[in-house]
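Asker: When you get a sec, could you give me coordinates for this:
(one chain, ligands or ions: 1)
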Amino acid sequence: MTTLTATHPASPARAPGADPRLEPIRAKVLAGKRLSLDDGAVLYGTTDIWGVIALADFVRRRMHGDVAYYNINKHLNYSNVCALSCKFCEFYRKKGDDGAYTRDLDYIKDEAKKAVELGATEMHIVGGLNPYLPFEYYTDMLRAIHEVAPGLHLKAFTAVELVHLARIAKVYKRDDPQSGVRWVLQRLMEAGLGSLPGGGAEVFDDRIQKEAWKTKIGSDEWLDVHLVAHELGLNSNCTMLYGHIDGRRERLNHLEILRRSQDKALARLGYTGDPDGFVAEGITQTANITDPVITLSGENAKLPTPAMSSRGGYYQTIIPLPFFPDGSELEHLPGPTGLENLRTIAVARLMLDNFPHVKAFWIMQTLPMAQLMLEAGADDIDGTVVWYDITKVGGSSTHQEKSVTDLKRAIREAGFEPVERDTLYRRVVRDGKDWRVVD
Ligand code: V47
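Answerer: Model (predicted):
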């Protein structure tokens, strides 16, 4: 097993019996250099999983010290009626099916009020591609929430929902999908949209898409939506749904595609290809940086901040999502193991050198595993959540709530300092029922 040396910044020392193939990777990690896809294959293939975890932990601590983030949030699934029938999904229903629902504005406003009472800073809003709702439903929903809960950050709508919205608003053009999505995002921003969640990315691969989510948008369109969001100054997240019919090589490709997309977003903010990732102050024009390589995991790298949003948005976090077979068309598959989940978090931290954060979403990973993941590359376990409809871990009900005390205790027990964040990763300071953010 590989251990860290006692001093900080620690250097992950090589232990007897460790895989020598990790040596050149260790050297690159120490120097803050980008790992190749072949390096990624070694990280996934080695039996020295603890060596991989130690490297990821080294990077995570260099970027965030011993801080671990959580937030106080509420999920709203406005409808589970969906035009698609993705094989991995157990959430969707067809109109008229048992359990199909679409929430009205009164229900939604009540949920927003409850969120405020619970001290939430964020509402995470997603749903199926409901063909029966008009475009105004979505802008009315955001306005209604904003009216009763003006302080709540609205992180809403995955890329595939936004393409669907462009279609129902009749602004979608096959030959220019970006312009319709831009129009939709602008209308939603006027109504209160604050950022995009990372859902629906699945694994960027044509073979897997054909087999498991044939009629859903592909990787190019998913990335285009996030590109437009970033151009409009919105931050976004991204996910990777793994452990079904995907392979490790396909996961690495997925991470590589995201890494390149983030390079472009960071270049727009004024980051240069400097391996330390310093912001080049005063940069006005980055158009000549066609293929930048920007890392944020080096020694003194400065992470992007929401204050830069006038220049553009960026991906804040990767959220690896382990596949839950229960109730889906792929129920016969076993789903990933605990060790595969740990390794995948570590590989994501190491490969995504230009992503500020890695989230171990405790609802899907379970809180005990999320604790371990804080030492395997993750710096965030997400929030108090309350109701979660998309997956039901081990047959649990949709009611999956943890108090702030539970989350803080779990983080402290894992040896980290719990820090409450808002959606944009600013520290939250509380005074009784009031809260404010500090940059
Ligand atoms: O888009 C669906 C995935 C996602 C299953 O942005 C499944 O902060 C596993 O995106 N097994 C929704 N996963 C969750 C999501 C998310 C969660 C937490 C935080 C954020 C964020 C985003 O869940 C879907 C889909 O990719 N999913 N079915 C399943 N059976």
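Asker: Residue 243: neighbour count?
Answerer: Residue 243 is flanked by 23 other residues according to other C-beta atoms under 10 Å. All C-beta spots, glycine's among them, are computed from the backbone N, C-alpha and C.
Asker: can you give me the offset of stretch 106-120 from its chain's centre?
Answerer: In this view, stretch 106-120 has its centroid 23 Å away from the chain centroid, taken as C-alpha atoms, centre = their mean, to the nearest Å.
Asker: in it, what's buried?
Answerer: 108-109, 111-112, 115-116, 119-120 (16 or more other C-beta atoms under 10 Å).
Asker: Break down this structure into its strands, ranges please.
Answerer: 67-71, 73-77, 122-126, 153-156, 193-196, 235-242, 315-322, 357-358, 380-383, 385-387, 399-401, 417-420, 427-431, 434-438 (DSSP state E).
Asker: just to revisit the earlier point, just give me the closest of the buried residues of stretch 106-120 to the ligand.
Answerer: residue 120 (13.8 Å; C-beta to the nearest ligand atom).
Asker: Enumerate the residues of the chain near the ligand.
Answerer: Counting by C-beta under 6 Å from any ligand atom, the positions of the chain adjacent to the ligand are 88-90, 158, 197-200, 202, 237, 239, 241, 319, 321, 323-324, 328, 361, 382, 390-391.
Asker: hang on, isn't residue 344 packed against residue 337?
Answerer: No - using C-beta atoms under 8 Å, residue 344 is not in contact with residue 337; the gap is 10.4 Å.
Asker: ok, now which ones touch residue 425?
Answerer: By C-beta atoms under 8 Å, 6 or more residues apart in numbering, the contact set of residue 425 is 69, 306, 316, 356-357.
Asker: do the same with residue 103
Answerer: So residue 103 contacts 76, 78-79, 111 (C-beta under 8 Å, 6+ apart).
Asker: can you name the two of the residues you listed that are farthest apart?
Answerer: 79 and 111 (13.3 Å; C-beta to C-beta).
Asker: about what we covered before: show me which of residue 344 and residue 337 is the more surrounded one.
Answerer: residue 344 (24 against 11).
Asker: So that one versus residue 203, what's the distance?
Answerer: Between residue 344 and residue 203 the computed distance is 12 Å (C-beta to C-beta, to the nearest Å).
Asker: So which residues of the stretch 151-300 of the chain form helices?
Answerer: Under the criterion DSSP state H, counting those that start in this stretch, helices of the stretch 151-300 of the chain are mapped to 159-168, 177-190, 206-212, 219-231, 248-269.
Asker: so which of these gets nearest residue 369?
Answerer: Of all those, helix 248-269 comes closest under C-beta to C-beta, at 18.0 Å.
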